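Enquirer: compute the structure for the input listed below.
(2 chains)
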2 protein chains.
Amino acid sequence: RLFKLVSASGCRQVSKAAAKAEVEFDYDGPSMKTTVPGPRSQALTKQLGEIQNVAAVNFFCNYEESRGNYLVDVDGNRMLDVYTQISSIPIGYNHPALLKLVTNPNNMSAFVNRPALGILPPENFPDKLTESLLSVAPSGMSRVQTMACGSCSNENAYKAMFITYRNKERGYSAPSVEDNTSCMINQAPGCPDLSILSFMGAFHGRTLGCLATTHSKAIHKLDVPSFDWPIAPFPTLQYPLEEFVRENAQEEARCLEETEDLIVKWRQKGKPVAGIVIEPIQAEGGDNHASADFFIKLRKIATKHGCAFHVDEVQTGGGSTGKFWAHEHWGMDDPADIVSFSKKLLTGGFYHKDELQADKPYRIFNTWMGDPSKNLFLCEVLNVIRKENLLDEVARSGKALLNGLYALQVQYPGLLSRARGQGTFCAIDVCDDATRDKILVRTRDKGILLGGCGQQSIRFRPSLVFKEYHVHFFLNVFNDVLAEFK
Amino acid sequence: RLFKLVSASGCRQVSKAAAKAEVEFDYDGPSMKTTVPGPRSQALTKQLGEIQNVAAVNFFCNYEESRGNYLVDVDGNRMLDVYTQISSIPIGYNHPALLKLVTNPNNMSAFVNRPALGILPPENFPDKLTESLLSVAPSGMSRVQTMACGSCSNENAYKAMFITYRNKERGYSAPSVEDNTSCMINQAPGCPDLSILSFMGAFHGRTLGCLATTHSKAIHKLDVPSFDWPIAPFPTLQYPLEEFVRENAQEEARCLEETEDLIVKWRQKGKPVAGIVIEPIQAEGGDNHASADFFIKLRKIATKHGCAFHVDEVQTGGGSTGKFWAHEHWGMDDPADIVSFSKKLLTGGFYHKDELQADKPYRIFNTWMGDPSKNLFLCEVLNVIRKENLLDEVARSGKALLNGLYALQVQYPGLLSRARGQGTFCAIDVCDDATRDKILVRTRDKGILLGGCGQQSIRFRPSLVFKEYHVHFFLNVFNDVLAEFK
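Expert: As a prediction, the model looks like this:
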């Protein structure tokens, strides 16, 4: 069942199975034994249902048997995984480099002795940060803070922006007695009425600070108290972008104008915008793209109005757009003041420019502040990305995927529309959400795991070891499924 | 240098070294080679300073060489650790049971394939939850949700309380169109003006929701926008508690009365209290205790006013009070609606009563929702706690520690006061914060690592393998240090 490092030559196009496995320890195709979830998954879901809400559980996995691009479930079904744990598996399942890391006795201590990183870091911590996160630092940034997850990363990034904004307002002098006493009871001026500007359709996490900037689905926000912060429209573009340059530029200009109006309005309201947060591609909100020109102009607006500019790369970061960071597609030397990450980076955290560093200890702080064992894994992941030129592979696979989606939407005009993507970070819309959901199930029945996003989109989120032959295999199966819905 | 499972007999009291090592793989005493931080720590701090704010870094550690109760630094200094990474190391460094777990090939997959637990859990997830977290579930609770850290645990616990409160208000009917549309722009009624009541001196974390309930130090809260939520006084008691029963009861009655007033007042203000959050012992805020009677009455007030009762055991949970949960000291069958945890539990999360479970999927959700590899470690930690009767050991060590502190405050009346504790979760006050800080440094110079808390307290947070002979060794050294300050 397992292929091991087959040569790249001799590729032939086949309809129902991947032609070969270039990926070390990949399977040669899906294998479906039961409907999904199968009986074992159903029994486990019932068991877990006694402990937790299981309404979101798809099925249970046999991670031990999963390999490369293939996720194996507890009923022995093997699926090509084009969703990869909500886009969080960088180089496939059970990659040999990662397994080797765990068995290396030198690494044992990192797993069993989790330190309080902010006060007692391990000896190799600076080196490992340099080897891992700093080796892929965004342009203009040489400082990084690790955190345990995406939400904590954004929460602390927001705090860094608030702290910096107020320090600037105070002229970098010490806080007043009134600052220090009022903050203890949640009141201004110590807890100031500052805001973060976010965009409609954005997803930045689900803790209370993040949630005030998340606007993708009502169910995420319903019943949770929030802040009166400004929400700008995100451009609603027509795809393919290059065919609607003029119309899209107009739409982007409208959004930028409204953004600037909101900054002024909220300042007048007494809730100045300390920072602007945006995803390079709105993911959870429906894979909404904007042009490099839009981001370049937005960054300028932020600077003009003294707002920090925070690019949230939790989902886009790590290579799936064909560049390590999606913001690299903007071609800027100074793309942001803060870039947050998590998911494929295996650790959460955020990079920031020097001036965004908190002035005192214990302001950006918690017990763990990340997990050094995740930094070890990230070092290996980056080694694999470099050694196997995975960003080039993503660009190649992504081109094949997007071209395939373009062809399919021509073939099924009533069913599919708005194919879009960067690298393998692609999406396509289905005529309605019910049909979208049915297509996802039928595709899974045929051994391919996809995810939805937005109202009626399908999002493609393979890992970085998803090769061109995986794309062709997927397109063939997808075509068969779509034919059923024609 | 390493002792291995020496018999318990033949103990003799010595002044500068622990008499024996009952703990497997413990050292036999501290060994100081340099001042702390030593030259290697200083060089690494400088290196890390190029990447992060390092003002809170004490020194760099050699975790590989650390064992049991002893933390070894990069300059070869070996210290008895009575702070244990801000109270987050349950059974000492490099415990053989945990090392064995990492080398077990069956566990490799849990380390390298981190799943999106909410949608694709691993096969053993329900069993591991049952073996670990459910085996120590608080009275009346059989449901638990894991999270990545303490702040995320509390944030999601608050969300669960808000969701439950609003569902009750709606009579468990579907949210209105207005609910669903208004929440998307952060407005009521979808984002309702609900509140969480917390206590002055509390620490519940540093993300924006948690931070609105944290009131221990200004530096944690300064410059961060907050919510107008009610803050009740936490009793300021006189110690030892048993000598001031009448005075303390009066103080507690005052606080309870004010709490109830605040609940009424905030309801009238249109910001009803959905939940009350409290620590069984305020830790970061200065190790402030309250009686079982206080908590019993507070829990009744919560029920009376329809507020959920959330006990935050992030620092108190895991055995250091002599019971697995500090709230067990209250002797209640129904101590809480929610109990949150992290630190010594190695994974964050919260238990909750059935009615606190969110009604729909994706309301309490994020990508990782914890980390199954941490559940594996927790299973082993709990096995060790049971096998080695560590809760009994903690009670024994704690009694020796508290009695020793009582004796020292009699001996040094101008210097020390207010010795207090439960199990080894002890603290003592120093005359002022400058002297406190000097004592901490001098004690560290002599090879014992302690932590501060509150304005002028020293907190003791050893791991659960801290034995009576470690206590005596500590007391001897501490006595020597205090003599310098007399």
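Enquirer: just the element for the residue nearest the centre of chain A, please.
Expert: Closest to where the C-alpha atoms of chain A average out (C-alpha atoms, centre = their mean) is A:Gln315, at 0.6 Å. Counting by DSSP states H and E, no helix or strand carries A:Gln315.
Enquirer: now it. Nearest residue, chain neighbours left out?
Expert: A:Ala283 (4.1 Å; C-beta to C-beta, 6 or more residues apart in numbering or on different chains). All C-beta spots, glycine's among them, are computed from the backbone N, C-alpha and C.
Enquirer: surely the residue nearest to the centre of chain A meets A:Glu279?
Expert: Yes: using C-beta atoms under 8 Å, A:Gln315 is in contact with A:Glu279, at 7.0 Å.
Enquirer: and for these two, which residues touch both?
Expert: Counting by C-beta atoms under 8 Å, 6 or more residues apart in numbering or on different chains, the contacts common to A:Gln315 and A:Glu279 are A:Phe203.
Enquirer: residue contacts, the residue nearest to A:Gln315?
Expert: Applying C-beta under 8 Å, 6+ apart, the residues near A:Ala283 are A:87, A:203, A:315-316, A:453, A:459.
Enquirer: between which two of those residues is the distance greatest?
Expert: A:Thr316 and A:Cys453 (12.9 Å; C-beta to C-beta).
Enquirer: who's more crowded, these two?
Expert: Counted by other C-beta atoms under 10 Å in any protein chain shown, A:Thr316 and A:Cys453 do not tie: A:Thr316 has more neighbours, with 27 against 22.
Enquirer: what does the pLDDT read for that one?
Expert: pLDDT for A:Thr316: 98.
Enquirer: and the residue lying closest to it once chain neighbours are set aside, how far from A:Pro372?
Expert: Spatially, and ignoring its direct neighbours in sequence, A:Thr316 is nearest to A:Ala326 (3.7 Å; C-beta to C-beta, 6+ apart). Distance of A:Ala326 to A:Pro372, given as C-beta to C-beta, to the nearest Å: 27 Å.
Enquirer: got the phi/psi numbers for the closest residue to A:Asp354 other than its chain neighbours?
Expert: Excluding its sequence neighbours, the residue lying closest to A:Asp354 (C-beta to C-beta, 6+ apart) is A:Arg143, at 6.3 Å. With angles defined as degrees, to the nearest 10, A:Arg143 sits at phi -120, psi 140.
Enquirer: could you check how far A:Arg143 is from B:Phe341?
Expert: 32 Å.
Enquirer: so which of those two has more stuff around it?
Expert: When A:Arg143 and B:Phe341 are compared for neighbours, B:Phe341 comes out ahead with 29 against 20, by other C-beta under 10 Å.
Enquirer: I figured the more buried one hits B:Ser153, correct?
Expert: Yes: counting by C-beta under 8 Å, B:Phe341 does reach B:Ser153; the two are 6.7 Å apart.
Enquirer: list residues touching both of the two?
Expert: B:314, B:348-350.
Enquirer: any chance you could map the helices in the stretch 201-350 of chain A?
Expert: Per DSSP state H, counting those that start in this stretch, the stretch 201-350 of chain A carries helices over the ranges A:208-211, A:218-221, A:245-268, A:292-304.
Enquirer: check whether stretch A:165-176 comes near chain B.
Expert: Yes: interface with chain B: stretch A:165-176 contributes A:165-167, A:175 (C-beta under 8 Å from any C-beta of the partner chain).
Enquirer: list just the nearest of those to A:Arg444.
Expert: A:Tyr165 (46.7 Å).
Enquirer: now do the SS call for that closest one.
Expert: Put simply, A:Tyr165 is helix when judged by DSSP: H, G, I helix; E, B strand; the rest coil.
Enquirer: from the residues of stretch A:165-176 next to chain B, which single one is nearest chain B?
Expert: Nearest to chain B out of the residues of stretch A:165-176 next to chain B is A:Arg166 (C-beta to the nearest C-beta; 4.0 Å).
Enquirer: any idea how far A:Glu169 is from the residue nearest to the closest one when sequence neighbours are not counted?
Expert: Nearest residue to A:Arg166 in three dimensions, chain neighbours excluded: B:Asp223, at 4.0 Å (C-beta to C-beta, 6+ apart). Distance, B:Asp223 to A:Glu169, by C-beta to C-beta: 9 Å.
Enquirer: ok, these two, which is more surrounded?
Expert: Shown here are B:Asp223 and A:Glu169; by other C-beta under 10 Å, B:Asp223 has more neighbours (26 against 15).
Enquirer: which regions of chain A lie under the pLDDT threshold?
Expert: In the predicted model of chain A, residues A:1-24 satisfy pLDDT under 70.
Enquirer: sorry, back to before: pretty sure the residue nearest to A:Thr316 contacts A:Lys344?
Expert: No: contact criterion C-beta under 8 Å: A:Ala326 and A:Lys344 do not qualify, at 11.8 Å.
Enquirer: residues that sit against both of the two, list them.
Expert: Counting by C-beta under 8 Å, 6+ apart, the residues touching both A:Ala326 and A:Lys344 are A:Gly317.
Enquirer: now do the same contact list for A:Leu133.
Expert: Per C-beta under 8 Å, 6+ apart, neighbours of A:Leu133: A:144, A:146, A:345, A:347, A:349, A:351, A:375, A:378.
Enquirer: repeat for A:Tyr93
Expert: By C-beta under 8 Å, 6+ apart, the neighbours of A:Tyr93 are A:63, A:66-68, A:70-71, A:81, B:112-113.
Enquirer: filter these down to the buried ones.
Expert: A:63, A:66-68, A:70-71, A:81, B:112-113 (16 or more other C-beta atoms under 10 Å in any protein chain shown).
Enquirer: distance to A:Leu401 for the residues you listed - can I get that in CSV?
Expert: CSV is the format used below for the buried ones among the contacts of A:Tyr93 (distance: C-beta to C-beta, whole Å):
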residue, distance to A:Leu401
A:Tyr63, 26
A:Ser66, 22
A:Arg67, 21
A:Gly68, 17
A:Tyr70, 18
A:Leu71, 19
A:Asp81, 15
B:Val112, 26
B:Asn113, 24
